[in-house]
Structure formats: structure tokens, C-alpha cells
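A.B. asks: sequence unavailable; structure follows:
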């Protein structure tokens, strides 16, 4: 099972479009862009994405990228026994 990272189009004004494109280069990830993820307050306030359905947020796009990678690593360690 591959990690799923979801982005909201409306959040791109925070610079998450750059992060989304960077993550799309990784064939081990499923990266999806939606018109709306339904987290409007979060979306307005800061860069964020969903990683396997969990909100990951940060103050800057670069910090979001690192937080996403950390969440993916945490998820992989948690479910490594399934392989």
C-alpha cells in the first residue's frame, strides 16, 4: 500500500503547488489534487495537506514538505509488519 498525499487547490496560494509537484516526482507516492478538501479554516490559515487522511500542516511550504515526509515515514514504520 502506497502513501496517499492529498492537496487542496484552494490552498495553493500558500505555495503548496510547489510541494505537490515535488512529491509527484516520487513514484512511491500517490499524490492527488482536489478542488476542495473541506477544511476551509485550515486552508485559509496555513499550508496543509492530508497524508493518508490525516491533516499535516506547517507555517511554510518547506516545513510542510518536511512534515509530510516525516508523517509518511511514521506511517511506513507503523505498517511495516504488513509487508
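C.D. replies: That came in fine, so what should we check first? Worth saying up front: this structure is predicted, and the values here are computed from it rather than measured. Residues are numbered from 1 along each chain as shown.

A.B. asks: strands of the protein, residue ranges please.
C.D. replies: Using DSSP state E, the strands assigned to the chain run over residues 4-8, 30-34, 48-51, 54-57.

A.B. asks: quick one, which of these is packed in tightest?
C.D. replies: Highest mean neighbour count of the strands of the chain: strand 48-51, a mean of 22 (counted as mean count of other Cβ atoms under 10 Å). In short, each C-beta sits where N, CA and C put it, glycine included.

A.B. asks: which other residues reach it?
C.D. replies: 3-8, 11, 16, 19-20, 37, 39, 42, 55-58, 64, 68, 71-72, 75 (Cβ atoms under 8 Å, 6 or more residues apart in numbering).

A.B. asks: dump the strands of the chain into CSV; add mean pLDDT as well.
C.D. replies: Shown next, in CSV, are the strands of the chain (pLDDT from 0 to 100):
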stretch, mean pLDDT
strand 4-8, 98
strand 30-34, 97
strand 48-51, 98
strand 54-57, 97
